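Visitor: Build the 3D model from these lines:
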Amino acid sequence: MSKQFTDLGISEAILKALAELKIVVPTEIQQKTIPLLLENKTDLVGLAKTGTGKTAAFGLPLLQLIDTKSEAVQTVILVPTRELGQQIFRNLEDFAKYLPEVSIAATCGGIPIKPQIERLTSPTHIVVATPGRLIDLIQRKAINLKETKFLVLDEADEMVSILKESLDEIVAELPKEHKTLLFSATMPGTIKQLIQNYLHKNVVQVSASMEIVGNQGIDHEYIVVDPIEKLDVLMHFLNSREGERGIIFCKTKAAVNKLAKNLAINRFSSGALHGSLSQGIRDRIMEQFREGHINILVATDLAARGIDVKEISYVVNYHLPDAYEAYVHRSGRTARAGAKGLSLTVLQPEEVGEIADFEKELGIKFTEFKKPSTLSIEENNTLLWAKQIFKTKPNHEVDAELKTKIKTVFHHLTKDELIEKLLANYLLQNKNEPTEKQEKRQKKK
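Guide: Reported below is the predicted structural model:
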């Protein structure tokens, strides 16, 4: 029989909030982590993939361990991005619904610091922060960590380079007896070094289902395309999943912008997300995605951290990630909360051999996604052309006399005849396109 949160030692007030959130059965990482943290005896490393409930695994016991008689900052949670920080802050607020005396603050970069400094003048028990913003607050003497008992490094593998530069400065502000909790989806050598340098030698390590990433409701598939047909194949796939929500991952900001522009031209409901966008724009895009106003997010790896949307039915790796752990994070955006999902990787012929390495390293199995026929792609592009026309807004600046002349040209045509002629014109214009594409490719070579 699976354990319940009551079996793990969670208090009544938190249990009540969990029940209202319909969180009933603890996940594997929660079952293993919560009792250890409630004992509060040692540093801890938690290994679990994205979407397995890591926030509750550390958040629930830390909320319970807060001494509300003290007004000091007792827990600091470091995160790689503001989006993830806001998500954790919201989760903790929900868990602490019936703990009104517990005070939580989010102090992440990308937004003005003054309101955050003002917020920290009030009693604050838990601070969720990005490393850069926390150091800024420390240097301004706006935050006191002399009584902090817990330092949490969440998604540590996503902020290794930041932590290398900033962790010494942060740890210097903490009391010697503090506990460090490190959570990560993967364990590259850089994380092992971090553990060796900053965690107690008797650190306890717990892991959950790391070896069966592929058995968590995610279908891992790949499709092999020539560079010239990559966009057409992607749009064929997106049209087949119309109405569903998904994330497309690109390696660079430039690639995100280029793809997002192409999707917008073809009237896909999409938005771009990367680090060079202002925080206001990123927040607006994320809100539109969460609310279902846009269905497709085109993003870089780091920008997509903190996207906790349960209804993401597919992830597309438009570019093969450089690191195995990046694939774990990407694919973990789908199949959340027990749902099914698809992780589709778009490969060029010379990259196919790398799939075996991903399978071996991550313990997953890929199957080949059938590429649509040339005819099917052409039909799809014709449909997209029709949608473009349908969704194009009239240009009211066109001269009225010119409009009258054009109407006269089409005057005797029925609607069906006009559609037939438009379609024939489109097909005629695109008849030589495959040949032109081949010529362009030859020139590039």
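Visitor: give the contact list for the closest residue to Ala323 other than its chain neighbours.
Guide: Of all residues not flanking Ala323 in the chain, Pro188 sits nearest, at 7.5 Å (CB to CB, 6 or more residues apart in numbering). For glycine as for every other residue, the C-beta is placed from the backbone atoms N, C-alpha and C. Pro188 is in contact with 157, 160, 323, 325, counting by CB atoms under 8 Å, 6 or more residues apart in numbering.
Visitor: Throw these into TSV and include distance to Lys49, pLDDT and neighbour count, thanks.
Guide: Shown next, in TSV, are these (distance: CB to CB, whole Å; pLDDT from 0 to 100; neighbours: other CB atoms under 10 Å):
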residue	distance to Lys49	pLDDT	neighbour count
Asp157	11	84	23
Val160	17	83	18
Ala323	14	78	13
Glu325	10	73	21
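Visitor: and the two most separated of the residues you listed?
Guide: Using CB to CB, those span at most 11.1 Å, a distance reached by Val160 and Ala323.
Visitor: could you pull out the strands for the stretch 51-200 of the chain?
Guide: All strands of the stretch 51-200 of the chain, identified by DSSP state E, counting those that start in this stretch, fall at 75-78, 104-107, 126-129, 150-153, 179-184.
Visitor: Ok, which of those strands comes nearest Phe410?
Guide: Closest to Phe410 of these, according to CB to CB: strand 104-107, at 58.3 Å.
Visitor: Strand partners (parallel or antiparallel) of that closest one?
Guide: Strand pairing for strand 104-107, determined by DSSP bridges: strand 126-129 (parallel).
Visitor: The partner strand: how far from the chain's middle?
Guide: Centroid separation for strand 126-129 versus its chain: 20 Å, with CA atoms, centre = their mean, to the nearest Å.
Visitor: before we move on, what about stretch 49-57?
Guide: Centroid separation between stretch 49-57 and its chain, computed with CA atoms, centre = their mean, is 14 Å.
Visitor: List of residues touching that stretch?
Guide: Residues contacting stretch 49-57 (CB under 8 Å, 6+ apart): 23, 26-30, 33-34, 46, 48, 87-88, 91-92, 95, 154, 183, 185, 208-210, 213, 216, 328-329, 332-333, 335-337.
Visitor: Inside strands: which ones of the residues you listed?
Guide: Counting by DSSP state E, the contacts of stretch 49-57 place 46, 48, 183, 208 in strands.
Visitor: got the contact list for the second one?
Guide: Put plainly, it is Ala48. Contacts of Ala48 (CB under 8 Å, 6+ apart): 27-29, 54, 57, 183, 185, 207-210.
Visitor: repeat that for 6 Å
Guide: By CB atoms under 6 Å, 6 or more residues apart in numbering, Ala48 lies in contact with 29, 54, 208.
Visitor: can you list these in TSV and add distance to Ile355 and neighbour count?
Guide: Shown next, in TSV, are the contacts of Ala48 (distance: CB to CB, whole Å; neighbours: other CB atoms under 10 Å):
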residue	distance to Ile355	neighbour count
Ile29	28	24
Lys54	28	25
Ala208	25	20
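Visitor: from those, which is closest to Lys164?
Guide: Once CB to CB is applied, the member of the contacts of Ala48 that ends up nearest Lys164 is Lys54, at 22.0 Å.
Visitor: What's the separation between that closest one and Val152?
Guide: To Val152, Lys54 is 10 Å away according to CB to CB, to the nearest Å.
Visitor: And for Arg282?
Guide: Going from Arg282 to Val152 by CB to CB gives 23 Å.
Visitor: next one: Ala255
Guide: Using CB to CB, Ala255 is found at 33 Å from Val152.
Visitor: go on, Phe183?
Guide: Distance, Phe183 to Val152, by CB to CB: 7 Å.
Visitor: nearest to Lys403, of the contacts of Pro188?
Guide: Nearest member of the contacts of Pro188 to Lys403, counting by CB to CB, is Ala323, at 56.1 Å.
Visitor: Would you mind splitting the chain into its domains for me?
Guide: As assigned by automatic domain parsing, the chain contains the domains 5-208, 212-374, 393-444.
Visitor: and Lys261, helix, strand or coil?
Guide: helix (DSSP: H, G, I helix; E, B strand; the rest coil).
Visitor: Out of the domains of the chain, which is closest to Trp385?
Guide: Of these, nearest to Trp385 by CB to CB is domain 393-444, at 5.6 Å.
Visitor: quick revisit: possible to save the domains of the chain as CSV with distance to Lys387?
Guide: Output for the domains of the chain, formatted as CSV (distance: least, CB to CB, whole Å):
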stretch, distance to Lys387
domain 5-208, 31
domain 212-374, 5
domain 393-444, 12
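Visitor: hey, which helix or strand in the protein has the poorest pLDDT?
Guide: Least confident helix or strand of the chain, by mean pLDDT, DSSP states H and E, is helix 433-444 with a mean of 50.
Visitor: Show me the shaky parts of the chain.
Guide: 1-2, 50-51, 209-216, 303-306, 308, 336-338, 432-445 (pLDDT under 70).
Visitor: Show the contacting residues for Glu101.
Guide: Listed by CB under 6 Å, 6+ apart, the contact set of Glu101 reads Thr68.
Visitor: Give me the phi and psi for it.
Guide: phi -80, psi -10 (degrees, to the nearest 10).
Visitor: what about it, distance to Leu120?
Guide: Per CB to CB, Glu101 is found 18 Å from Leu120.
Visitor: Then Asp219?
Guide: Computed as CB to CB, the Asp219 to Leu120 distance reads 46 Å.
Visitor: got it, and Val309?
Guide: Per CB to CB, Val309 is found 30 Å from Leu120.
Visitor: mind listing the helices in the stretch 301-445 of the chain by residue range?
Guide: Secondary structure of the stretch 301-445 of the chain by DSSP state H, counting those that start in this stretch: the helices cover 324-331, 354-362, 374-391, 400-410, 415-429, 433-444.
Visitor: and those helices, which is most packed in?
Guide: Stretch with highest mean neighbour count among the helices of the stretch 301-445 of the chain: helix 324-331 (a mean of 22; mean count of other CB atoms under 10 Å).
Visitor: would you put the C-alpha positions of that helix in CSV?
Guide: What follows is helix 324-331, C-alpha atoms only, in CSV (Å, rounded to 0.1, in the frame of the first residue of the first chain):
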residue,chain,number,x,y,z
TYR,A,324,22.0,14.6,-21.9
GLU,A,325,20.7,16.5,-18.9
ALA,A,326,19.2,19.1,-21.2
TYR,A,327,17.1,16.4,-22.9
VAL,A,328,15.9,15.3,-19.4
HIS,A,329,14.7,18.8,-18.6
ARG,A,330,13.2,19.4,-22.0
SER,A,331,11.2,16.1,-22.2
